[in-house]
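[1] Please work out how this folds:
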Amino acid sequence: MFNFERLEVWQKAVAFAGLVYGRTRAFPAEERFGLTIQLRRAATSVASNIAEGSSRSPGDFAKFLGYASGSLYEVVTQMKIAHHEDFLAKADYDHMYGQAEEISRMLSGLRKSLRP
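    Residues are numbered from 1 along each chain as shown. Predicted coordinates:
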């Protein structure tokens, strides 16, 4: 097992990406190369940046956690657009938003713990 796999925030980020994939399956076909792919890439990037950063120095890891946060904020923005366009039901949006908030808090806490 890799060290990053033990991080709860990484585990939640992977689950969140799965949630995004599941919800975007119902998006209109014409969004396949638009909002669908953007949401999926940004969601995948959250966990990927956590994993990549974990192999670096504490300072670099903190930077990668910042990148993960940025990707998470992209997802939140794209979710809002998807909800506004009626691609994402309010209940799904609310659930995903809550998951994003939790991951954001965890990323922030982990980032703060890496400061000297």
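[2] Show me the helices in the protein, by range?
    With DSSP state H as the criterion, the chain has helices at 8-24, 35-53, 58-84, 90-113.
[3] What are the buried residues along the third one?
    Of all the residues in helix 58-84, those buried under the rule 16 or more other Cβ atoms under 10 Å are 61-62, 64-65, 67-69, 71-72, 74-75, 78-79, 82-83. Heads up, the C-betas are built off the backbone N, CA and C, glycines and all.
[4] what's the angle from it to helix 90-113?
    Inter-element angle recorded for helix 58-84 and helix 90-113: 170 degrees (by axes from the mean of the first three to the mean of the last three Cα atoms, to 10 degrees).
[5] what separates helix 58-84 from the chain centre, distance-wise?
    On the basis of Cα atoms, centre = their mean, to the nearest Å, helix 58-84 sits 6 Å off its chain's mean C-alpha point.
[6] returning to that earlier point: among the helices of the chain, which comes closest to Phe2?
    Comparing the helices of the chain by their distance to Phe2 (Cβ to Cβ), the top pick is helix 35-53, with 7.4 Å.
[7] And Gly34, how close does it get to Thr24?
    Gly34 sits at a distance of 11 Å from Thr24 (criterion: Cβ to Cβ, to the nearest Å).
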